[in-house]
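*Asks:* Structure for the following, please:
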Amino acid sequence: MESAPAASEILPDASGDRAVPIFLVGMMGVGKTTIGRQLASQLGREFVDLDHAIEARCGVRVATIFDIEGEAGFRRRETALLDEYSRCQGLVLATGGGAVLAEDNRRMLRERGCVVYLRAGVDELYRRVARDRNRPLLRTQDPRQRIADLLAQREPLYESVADVTLDTADQPIAQVLRSLLPLLPACQPQ
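*Replies:* Sure thing, here's the model as predicted:
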């Protein structure tokens, strides 16, 4: 498991600017981690996946945290680390799919950085995560319906925090990045 840097270790982007952080939100399987890594690389910034940072701190996988502490325990940990990392300038941060559920999290995202909502439809999301056994919320008889239910609940929340919205369905990562990069200057402080 890759180790996430502590928030105190995050430095300004490669240009030396105290650049506004970029937060990626969206459903599981939409590509936040993959796109986030590539975006950070192109911008010369540090990348952190919030779920991986939680795992690094706890020493166990997210699914194990869900098993031991339930979703509520996981969400408390998620909020604490989001508070820490969202204060870091020049960061690209991939949030967990449910990070937008808490009002405090939505407030932090809106106030502290540029929020990019990566969007895909139910069928595409299901195709991407159907075989992934490390998704505790998909441990159900009908994971496709669970994705549909979660998307219906969360999409208005993603939209409420988004500065930029971009569809990722049926697009190679390089195309998503080509589409996303020109939209980011709108996120910079005036």
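
*Asks:* Export stretch 124-133 to CSV, keeping only CA atoms.
*Replies:* Extracted in CSV, the C-alpha atoms of stretch 124-133 (Å, rounded to 0.1, in the frame of the first residue of the first chain):
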residue,chain,number,x,y,z
GLU,A,124,-20.4,2.9,-16.7
LEU,A,125,-19.7,3.0,-13.0
TYR,A,126,-21.0,-0.5,-12.5
ARG,A,127,-18.8,-1.7,-15.4
ARG,A,128,-15.8,-0.2,-13.7
VAL,A,129,-16.3,-1.5,-10.2
ALA,A,130,-18.4,-4.7,-10.6
ARG,A,131,-15.4,-6.9,-9.8
ASP,A,132,-13.8,-4.8,-7.1
ARG,A,133,-14.3,-6.6,-3.7
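
*Asks:* now it: mean pLDDT?
*Replies:* Average pLDDT, stretch 124-133: 75.

*Asks:* Where do the helices of the chain begin and end?
*Replies:* Applying DSSP state H to the chain gives helices spanning 32-43, 50-58, 62-85, 103-112, 122-129, 143-161, 173-180.

*Asks:* list the buried ones in the helix or strand bottoming out on mean pLDDT in the chain?
*Replies:* Least confident helix or strand of the chain, by mean pLDDT, DSSP states H and E, is helix 122-129 with a mean of 84. The neighbour-count check on helix 122-129 (16 or more other C-beta atoms under 10 Å) flags Val122, Glu124, Leu125, Tyr126, Arg128, Val129 as buried. Using the backbone N, CA and C atoms, a C-beta is placed for each residue, glycine as well.

*Asks:* With stretch 27-34 instead?
*Replies:* The neighbour-count check on stretch 27-34 (16+ other C-beta under 10 Å) flags Met27, Met28, Gly29, Val30, Gly31, Lys32, Thr33 as buried.

*Asks:* What of stretch 42-53?
*Replies:* If you call a residue buried by 16+ other C-beta under 10 Å, then stretch 42-53 has these buried ones: Leu43, Arg45, Glu46, Phe47, Val48, Asp49, Leu50, Asp51, His52, Ala53.

*Asks:* And these, which two are furthest apart?
*Replies:* In the buried residues of stretch 42-53, two members sit farther apart than any others by C-beta to C-beta. They are Leu43 and Asp51, at 21.2 Å.

*Asks:* Go ahead and flag the most central residue of this structure.
*Replies:* Central residue of the chain (C-alpha atoms, centre = their mean): Thr95, 2.4 Å from the mean position.

*Asks:* Now that that residue has come up, it's in contact with Val25, right?
*Replies:* Yes - counting by C-beta atoms under 8 Å, Thr95 touches Val25, with 5.3 Å between them.

*Asks:* intersection of neighbour lists for these two?
*Replies:* Contact criterion C-beta atoms under 8 Å, 6 or more residues apart in numbering; residues shared by Thr95 and Val25: Lys32, Leu109.

*Asks:* Let me know how buried the closest residue in space to Leu39 that isn't next to it in sequence is, in neighbour terms.
*Replies:* Leaving aside its chain neighbours, Leu39 sits nearest to Val92 (5.4 Å; criterion: C-beta to C-beta, 6 or more residues apart in numbering). As a burial measure, Val92 scores 28 neighbours (other C-beta atoms under 10 Å).
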